[in-house]
Each structure stands twice: as C-alpha cells, then as structure tokens.
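> Need a 3D model of the following:
(chains A and B)
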Amino acid sequence: MWYFTVPPKIIFGEDALDGLSEEVEDAKKIFIVTDKVLRDLGFLDKLTDKLKDKEIQIFDDVEPESSIATVKKGGQICLNFKPDYVIALGGGSVIDTAKGVWLIYERADLDLSVGLDPFTKLGLGKKSKLIAVPTTSGTGSDATWAFIITDKTEKRKATFASRELIPSITVLDPIFPADMPKRLTASTALDALTHAVEAYISTWANDFSDAYAVHALRLIFKYLPKAVTEGSKDMLAREKIHNAATMAGMSFSNSQVGCAHSMGHSVGAVFKIPHGEAVAIALPYLLEFYGEKAKERLELLGKMLGFKSAEEVIEAIKKLMQTIGAPLTYAEVAPDKEAFLKSLPRLVDLANGETGTIMSPKIPEVDEFEKLYLYAYEGKKIDF
Amino acid sequence: MSEKYTFPSAEWLEKYIELLNANKAYEDAAKTWEGDFVFEITPDGNLKETQRFYLDLWHGKCRSGHMLAAGEEKDSAYVYSGKYTNWIKLIEGHIGPIKGLMTRHFNLKGNMAAVMKAVKAALELVKTAAEVPTEFI
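Reported below is the predicted structural model:
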C-alpha cells in the first residue's frame, strides 16, 4: 500500500491570485505569513488587495533558513488571532514556516521539540485551512507534506512530516517570480531540477511521482535558460518554471529526495550557501557515483527528455547549470578550503543521518561521502 | 557449505548480534542511538505462532539480545512488528525498514520521529540481517 498526496486544488496561470480571493470568500479572518523583503517588494500588497473585506493579521518575521523559535513565535500570534485561513506568501522558508505556524494553531498541544510522527493522525484543518502562494519557483514546498526548519543551536535542519500538512490550495501566479533576479531564478529552479531528478531515481519512485518528475524536467530544460535571461520579458517561461517547481514538489514529496539533498542540506547549513546551489552542485557527482545502480532509470529518463544515454543526462544537467551561470563546484561558493576541510567530518556526519540518504539508488559509506564532498569541491570526475 | 541459521531462532539471533557488533557502518550510524527494541514476527506463510526477540541497542552496539518466550512480558522503547512473509522480504532486501513502515508492511510502536532521524542505522540493522546465512521456515 502506498499513497500519493498532493494539494487538492492548484490555481495556476495569469491572474491566479483572483482565484484565491474567490476561494476565501466566506472567510472573516486571515493570517498571512511572509517576510519583510516581500513586504518591501510590494508582494504583500498584491495579495492583500485581493482580500480587502477581511480582517488580516500579518506575520512577517520569517528569516532565510527559518528557525524553530520563529515558527513558535508565529504560532503563538496565530493562536491569539484565531484565523479562518493561514496564507503563506513567499519562498520555501516562508511556506515551511507557515506550515509550522498552522500546525501549532491547529494542535497547540504538540511538543515540536520531539519531532513529528508521520503516522499520527493530527486532525489538522478543523480551525482553518492552509493556502500557499509561492513567490519563487523552486522549493515545491507549496505541494509537499513536510516542512524543514533550522535548529540554529545544532546547525542542522529538522524535518517535520505528516500527510496532513499538505496545503489545501496552492496558488501559482507567475506575477510573483516575474522579477526575480537572475541568480535567484537559477538557484531556485536548480532546486526544482534536483527534486525531479532525485525523485525519479529514488528507490521510492512510483508511477505517479515519475509522471510529475518527467514533465517538470521537460519544462525546466526547455524554459529555464529563457526564464533566467529574459526574466519578466518572457512570462511564458516564468509560468512554466513556476509550474515545474510545484510539479517537482508533487513528485519528490511522494518518492523522496536523495543524497544531493543530504549533502546540500549539510553544506547549506554550515556554509550558508543558497539551498538550490548547494543541492545542485552535488547532483552530477552523485549521478556519476551511482553508476550502474542508477543507469537504467537515468537512461529511461534520458529517452523521455531526448537524450541518448545516462551519461548524456548528466552532461545535460552540467551544461544547463553552466548556461544559467550556476556554480559547478563547492569551491565556487565556499572558497575557504581550509574551513571546508575542517568541517568535513561534520558535513559527512549530517549527510549520513539524512533520511534522503537511504532512498538513493546507492548509499555512500562514510569514506565515500567524504570523497564525494572533496570531488564536488574540486570539480573532479568521480573515479570510485 | 556454510552453516545456515533458521529465522527466527536463538541461533540466528546469536549470529546476528555477533555480526551487528562487528559492523563498523552500524556503529558509526547508530553512535548516538539509545533505545531497545522488541521485534515481533506474526504468523504468516509457514510460521504458525508469533515469535518475538529483544535487542538492547545502545550507542552503536547491541548490548544484549534474546528470544522472548510466548507470553513473556518485556518493556522496550520500541516494538517493530510485521508478518513473517514481510520479514522475509525485509531480510532479502525487497523492502527497506523505513519504506516498510511507510507502506504499512510493518508497524512501529514508539517514537517514530526518533527512528526517522536514524534511518541509516535502521538500514544497517537490516543489511546485517542479510549477512546472516539464513534459511526460512
């Protein structure tokens, strides 16, 4: 027995935000989770303009790599406000924080410090519904049933998962990512690319997750270079990448990510590297490392994407990263090699303990993880 | 031809504990693990009665373990249970220990969130089981 859990409703395309206002027509009170950057960019106004007759409470304290303390703070304010809907407006950190805030609002009795049992029936949604409005095109968090927040004391990411955490509605309006800077467009979309590839070769991959992964990758390979170079001048490319990110989220949420996320999470937490870059840098090295264990799946994926072999798929990923100006080695984003080497035992330890590690087609041993980090740092072809 | 151990049996368990305590990958992955398990194999296929065994897992080692007699009470932090044919699939590598839980081939009583933080250790527990020369009932 297996499940495929995705948001029950997706409103997408130009003017999707208008659909949101129709969805919350009967609501009186709405709690919005966002951050100060999005407020300054005027994104919050775009949303609140559609909610004019509602009583609104805004929580904009979400920081990049949101923390447990922030989630608890937002949760407490939400508990006092008692909304009918919680709306997350932002990127992955905001949406993940909103899931945590919503969880606290719905189940204030839970102790988040002990984690979350994915099998426990939580009974979420009795007080309110969760709506996600992603403003970047990458995390897919609007379509997943987990949230990741940073434990700043231990410098590690903590994952909370329950199928009940899936947003009731995700709203994909390309107006939000339209003006993203080039590097942000590239790094967030590389997160989506890594989600889709890892979902497809995961040992938990299934017929349903495969479908979303393949189409997400078709869209990313076709439209990402245009989305990066043209920005808001090519709204079709923007829309397609926005959709692709959510589709990749629908895929990996139901088949899991792999070692690129294990390695990327640990590097990202220790060196403050943008998440999309941290995971995407690791991906080609891991695909080479998996070798025969992933070859059949990569070949099949390649056929559907128009590549002749597994090797061509790996090369195409590297070429795409180069085309959009993304880094291909950890040295480019963490230039202090001494610090990197010093952190290596901790990086390996964190990656080894990540859930995604055991879903990979070939599970690295401790010494192999060490080598993978070093090869990905120096840009060496995998030979072990 | 090497000796084969019937699963489940005291002999199989003794060999398993010996191999687990020699498994460096398990020791590394479970170095902070604190929690004992009762493993329960419910009747299915050729197994006619429930069998249970106990493992005291602590900081990358198995401090002790033994088969439990029918009706014997044993408190433990975790109980991992499934039917016999699913145990065969687990030991033969057709189901992973965590995927087994997610697909409801196995059930877990205890702190699932803590287990989800120790997935590599769980995998090494199963990999070690696969190394025991095993014959099934």
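
> all contacts plus neighbour counts: C-alpha atoms, from now on.
Fine.

> which residues does the residue of the stretch 151-300 of chain A found nearest chain B contact?
Relative to chain B, the nearest point of the stretch 151-300 of chain A is A:W204 (7.6 Å; CA to the nearest CA). When contacts are counted by CA atoms under 8 Å, 6 or more residues apart in numbering or on different chains, A:W204 touches A:255-256, A:359, B:99.

> A:K54 against A:I30, yeah?
Yes. The criterion here is CA atoms under 8 Å, and A:K54 meets it with A:I30 at 6.8 Å.

> Can you report how many residues lie near residue 78?
Picked chain A for this. By other CA atoms under 10 Å in any protein chain shown, 24 other residues sit near A:C78.

> hmm, I had chain B in mind actually
Neighbours of B:Y78 under the rule other CA under 10 Å: 18.

> Can you pull the phi and psi angles for it?
Phi and psi for B:Y78, reported as degrees, to the nearest 10, are phi -140, psi 150.

> Tell me what it is bridged to.
B:F37 (DSSP bridges).

> could you flag which of the contacts of A:W204 are buried?
Taking 16 or more other CA atoms under 10 Å in any protein chain shown as the criterion, what is buried in the contacts of A:W204 is A:255-256, A:359, B:99.

> Out of those residues, which sit inside helices?
Among these, DSSP state H puts B:K99 in helices.

> which among the buried ones among the contacts of A:W204 gets closest to A:L287?
For the buried ones among the contacts of A:W204, the residue nearest A:L287 by CA to CA is A:M359; the value is 13.7 Å.

> I figured that closest one was touching A:A199, is that so?
No. Contact criterion CA under 8 Å: A:M359 and A:A199 do not qualify, at 9.3 Å.

> My guess is A:A244 contacts A:L217. True?
Yes. Judged on CA under 8 Å, A:A244 makes contact with A:L217 at a distance of 7.3 Å.

> and chain B, which residues reach chain A?
Residues of chain B lying near chain A by CA under 8 Å from any CA of the partner chain: B:25, B:29, B:99, B:102-104, B:111-114, B:116-120, B:123.

> out of those residues, who has the most neighbours?
B:K120 (26 neighbours).

> now that residue: how far from A:L41?
As judged by CA to CA, to the nearest Å, B:K120 and A:L41 stand 43 Å apart.

> about what we covered before: list the residues that contact both of A:M359 and A:A199?
With CA under 8 Å, 6+ apart, A:M359 and A:A199 have common neighbours A:256-258.

> Closest to B:S76 out of those residues?
A:Q256 (30.0 Å).

> What residues does the closest one make contact with?
By CA under 8 Å, 6+ apart, A:Q256 lies in contact with A:198-199, A:202, A:204-205, A:356, A:359.

> biggest separation within the residues you listed, which pair?
Using CA to CA, the two most remote members of these are A:A205 and A:G356, lying 12.4 Å apart.

> So for those two, which residue has more residues nearby?
Neighbour count, other CA under 10 Å: between A:A205 and A:G356, A:G356 has more, with 23 against 20.

> Provide the secondary structure category for the more buried one.
Here A:G356 is recorded as helix under DSSP: H, G, I helix; E, B strand; the rest coil.

> ok, it - contacts?
Applying CA under 8 Å, 6+ apart to A:G356 gives the contacts A:256-259, A:261-262.

> what's the farthest-apart pair in the residues you listed?
Going by CA to CA, the pair spanning the contacts of A:G356 furthest: A:Q256 and A:S262, at 11.3 Å.

> So which residues of chain B form helices?
Using DSSP H, helices in chain B cover B:10-20, B:24-29, B:84-91, B:97-102, B:112-116, B:119-131.

> Nearest spatial neighbour of the most centrally placed residue in chain B, chain-adjacent residues omitted?
Computing the C-alpha centroid of chain B and ranking residues by CA atoms, centre = their mean puts B:F39 first, at 5.7 Å. Counting by CA to CA, 6 or more residues apart in numbering or on different chains, B:F39 lies nearest to B:Y80, which is 4.9 Å off, once chain neighbours are set aside.
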